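Visitor: Starting from these lines, generate the structure:
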Amino acid sequence: GRRERTMNDVVQLTWLFPVLVLLGLVALGVLFSFIPVRLWIEAWFSGVRIGMGTLVGMRLRKVSPPAIIRPLIAATKAGLALHVNELEAHYLAGGNVHHVTRALISADKAGIELQFPTAAAIDLAGRDVHEAVQVSVHSVDNGRARDPAGEHRAPGGWGRRRDYPSSRR
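Guide: A predicted model of the protein is given here:
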């Protein structure tokens, strides 16, 4: 009797193992669809240290992880120190994280002082902050610097806002 009982137990476990493997694969599939593992690996190899919990939190807050992490990777590669929280807050406020990050990188490379809060405010005000930086870069190239917020700066100091080009003293 004891040998028959052991054989019977083995037969019962034989069907249990494939079922457990299948359930494990389904659980991993659900997990990987919820956690962007590929994006996490991209970030890790780019030098951006972000936790899986942060990515899960983004999903729970209805934030698109690629919309935050890819600009963060670009900024990190360009030598800028941006934080996930400020990019996520800008995203949740309706801002364009990609444009702001590109503008910050362009401004940094052109030697223009532009901080994230300023760039984010310009973006949330409805202006294309990257375009404003590009115009500023071209203005600097032409010998006349212009602040991304829209003010002209003459060689002697700050001039009038560009909205009033005809008012000269």
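Visitor: Would you quantify the distance from Leu87 to Trp15?
Guide: 49 Å (Cβ to Cβ, to the nearest Å). Where C-beta positions appear, they are placed from N, C-alpha and C, glycine not excepted.
Visitor: and if you look at Val137?
Guide: According to Cβ to Cβ, Val137 and Trp15 sit 68 Å apart.
Visitor: check contacts around the spatially most central residue of the chain.
Guide: Compute the mean C-alpha point of the chain, and by Cα atoms, centre = their mean the closest residue is Ile68, 2.1 Å away. By Cβ atoms under 8 Å, 6 or more residues apart in numbering, the contact list for Ile68 reads 58, 84, 87-88, 91, 97.
Visitor: okay if I get the residues you listed as a markdown table plus secondary structure?
Guide: Below are those laid out as a markdown table (DSSP: H, G, I helix; E, B strand; the rest coil):
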| residue | secondary structure |
| --- | --- |
| Met58 | helix |
| Val84 | helix |
| Leu87 | helix |
| Glu88 | helix |
| Tyr91 | helix |
| Val97 | helix |
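Visitor: Counting neighbours, what do you get for Met58?
Guide: 22 (other Cβ atoms under 10 Å).
Visitor: circling back to that earlier point, element containing the residue nearest to the centre of the chain?
Guide: helix 65-77 (DSSP states H and E).
Visitor: So Val137 and Trp15 - more neighbours on which side?
Guide: Neighbour totals were compared for Val137 and Trp15, and Val137 leads with 19 against 9 (other Cβ under 10 Å).
Visitor: Can you get me the start-to-end distance on stretch 106-120?
Guide: From its first residue to its last, stretch 106-120 covers 15 Å (Cα to Cα, to the nearest Å).
Visitor: Ala89 and Ser139: what is the separation?
Guide: Ala89 is 30 Å from Ser139, by Cβ to Cβ.
Visitor: Then Pro71?
Guide: Counting by Cβ to Cβ, the gap from Pro71 to Ser139 is 25 Å.
Visitor: the more surrounded of these two?
Guide: Pro71 (23 against 15).
Visitor: a helix runs through Asp108, doesn't it?
Guide: Yes: assessed with three-state DSSP, Asp108 lies in a helix.
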